[in-house]
Every structure is written in structure tokens, then in C-alpha cells.
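# Next input, structure requested:
(one chain, ligands or ions: 1)
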Amino acid sequence: MENEHISRREFIADTGKTVLAAALLAPLAGFGVQAMSQSIPVLVNPIVLDLNKPEYRALAAPGGAITVPNPGAPNKPIMVTRTDESTVAAFSVICPHLGCKVGLPQNGIISCPCHASTFDMTGKVTKGPAKTDLYRFDAVLDGSTVTIMQKKA
Ligand code: FES
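Numbering: from 1, shown residues only. Just a heads-up that it's a prediction; the model follows:
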């Protein structure tokens, strides 16, 4: 039969190993991703989209959405949505919860594949665990041109 008593020294040594392992593995468990998600995506220069081009045609009608690369932050693409006849919205695809990339909207709902947060077509959070909106950029629709800019402070 195994001895159920362990010495104080053994207990402290085992506990120390567990704490060290948790500290080393935390970034792999997603905590490091959270830190990334909290940084603000940078858009150095405006992005101009010509809606006459086939790759942007989804924005020609309300409800349409696309993603475009962000040259200032290559790992943080920008989603552009056509919110109604005269307006568009643009926001980062990086979920503010733990940094996963949200998908294109389905029936007007943008979902995060990791923990099921949802957002509306303007990037506003509608269901947690995310507590904040997707990071928004300024976006203007002028005729058949969409211009996306860094949000003014
Ligand atoms: S990363 Fe958790 S809900 Fe998006």
C-alpha cells in the first residue's frame, strides 16, 4: 500500500513544479493571444475600394461583406460591411475576447468561432463573452467608392 503521507518539503516541491508549469504553458492556452487582441490595429494610409471591381462587388448591396488586408497590420484583416443603402462599416476581424478571427456575417450576424461571441453588421458586440465591440475604423461610401481610414480620436 502506498504511503499517503507526504512531507512538507515534498508538498512544496510538487506545488512549485505545478505553478512553474502553469506559468510556462499559459501563453499556449490562449492568454498570450489575449494580449495580442488588446493592441489596436494600425491603418497607416487610407484604403480605397472601387465597388465596380469584382472582388468588392459584395458591397454593392446592403448585407454584403468582405475582408481586406490591413497593410499596417498584416495579421489583422479588416471586415467591410454594407450596412444599408448609403452606409458602410469597417472594423478589425480580431475578436476582443481572446483574439480569434471572426467570420463573415451570416444573416446579419458576425460570429466568433472560438467562444461564440456575436456582433452586428457594424461590429457592435451583441453576445459575449466578448465585452467590447470589434475595433472600428472610419468608413465612408461615396458613389461606388469606399474609403477606410484610421478612426479619429
Ligand atoms: S475569442 Fe472568445 S469569443 Fe472570440
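
# Tell me the first helix or strand C-terminal of the worst-scoring helix or strand of the chain on mean pLDDT.
Across the helices and strands of the chain, mean pLDDT, DSSP states H and E gives its lowest value to helix 31-37, namely a mean of 41. Next helix or strand after helix 31-37 toward the C-terminus (DSSP states H and E): strand 47-50.

# This protein: strands as residue ranges?
Along the chain, counting by DSSP state E, strands occupy 47-50, 65-68, 78-82, 88-92, 110-111, 118-119, 125-127, 136-142, 145-149.

# Could you list the paired strands of the fifth one along with their orientation?
Think strand 110-111. Strand pairing for strand 110-111, determined by DSSP bridges: strand 118-119 (antiparallel).

# Average pLDDT for the partner strand, rounded please.
Taken as a whole, strand 118-119 has an average pLDDT of 98.

# what do you get for stretch 71-79?
Stretch 71-79 comes out with an average pLDDT of 88.

# tell me which residues of it are tucked away?
By 16 or more other Cβ atoms under 10 Å, the buried positions in stretch 71-79 come out as 73, 76-79. All C-beta atoms are positioned from the backbone trio N, CA, C, and that covers glycine.

# which other residues reach that stretch?
With Cβ atoms under 8 Å, 6 or more residues apart in numbering as the test, stretch 71-79 has contacts from 41-45, 47, 65-70, 90-94, 101-102, 104, 110, 123, 134, 137, 148.
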